[in-house]
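> The sequence and its predicted three-dimensional model are supplied below.
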Amino acid sequence: MILLGLTGSIGMGKSATAALFAAHGDAVIDADAIVHALYEGPAVAAVEAAFPGVAVDGAVDRKRLAAAVFGDAAALARLEAIIHPMVRAESDAALAAARERGCRIAVLDIPLLFETGREAGVDAVLVVSAPAPVQRARVLSRPGMTEARFAAILAKQMPDADKRRSAHFIIRTDAGEAAAAADVAAVRRALMGISGRADRKAR
């Protein structure tokens with residue numbers, strides 16, 4: 001099984017690109033979706049203990065949590081120390097299940113792929129990108145988004161140019177869905193020609 005790391009800064013079209021891989025039958029492991037699930041169950045007790053008052057009706061209230069860590073690097077580090085190992089364990093379990101199903105390509109959809117060092121565990125990295133004005137317009141159109149929040153999120157993420165320099169594949173998402181779909185098909189063809197690390201470990 002070939003492991004593809006899919007990443008990109010906020011507003012670049014990562015989720016839409018992941019959906020194109022899923023449409024081909026590839027396994028897509030979405031780190032954000034895993035975090036959402038953790039905040040509704042397994043991570044609630046630990047997060048509430050670290051940030052009292054953020055849990056409501058047995059689930060972590062993401063707005064309260066965001067307020068608790070916003071602009072506080074130490075608080076964010078505490079949260080990441082709780083969540084990142086849980087996300088890693090869940091994604092590893094999902095990859096094992098995909099391997100059992102015989103999936104040829106598994107896509108690890110991780111916004112902070114480079115920032116957390118996860119690129120070392122994949123066979124190739126795909127970065128989705130778009131011009132800065134397009135990115136800004138997309139992000140600021142989201143409910144509740146502000147200039148300050150956008151700036152804070154960007155400050156946590158590796159610059160887009162650096163991500164593109166570190167990528168094996170780049171897909172621009174500002175040219176329309178048909179162009180992105182064609183690019184995904186081309187990436188899949190290229191991936192089929194390599195031997196994935198999951199296959200090598202199994203030998």
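Structure received.
> CA only for contacts and neighbour counts going forward, please
OK.
> Phi first, then psi, for the residue minimising distance to the centre of the chain.
Nearest to the geometric centre of the chain sits Ile110, at 2.1 Å (C-alpha atoms, centre = their mean). Dihedral pair for Ile110: phi -130, psi 110, per degrees, to the nearest 10.
> what sits against it?
Residues in contact with Ile110 (C-alpha atoms under 8 Å, 6 or more residues apart in numbering) are 5-7, 30-32.
> ok, it to Val28 distance?
Counting by C-alpha to C-alpha, to the nearest Å, the gap between Ile110 and Val28 amounts to 10 Å.
> of all the contacts of Ile110, which comes closest to Arg62?
Asp32 (12.3 Å; C-alpha to C-alpha).
> which element is that closest one on?
Applying DSSP states H and E as the criterion places Asp32 in helix 31-39.
> ok, then the element right after that helix?
helix 44-50.
> what's that next one packed up against?
strand 59-60, helix 73-100 (3 or more C-alpha pairs under 8 Å, 6 or more residues apart in numbering; DSSP states H and E).
> Quick one: mean pLDDT over the longest one.
Averaging pLDDT along helix 73-100 yields 93.
> Next, the angle from it to helix 31-39.
Between helix 73-100 and helix 31-39, the angle comes out at 110 degrees (axes from the mean of the first three to the mean of the last three C-alpha atoms, to 10 degrees).
> elements contacting helix 73-100?
Secondary elements touching helix 73-100 (3+ C-alpha pairs under 8 Å, 6+ apart): strand 27-30, helix 31-39, helix 44-50, helix 62-69, strand 105-109.
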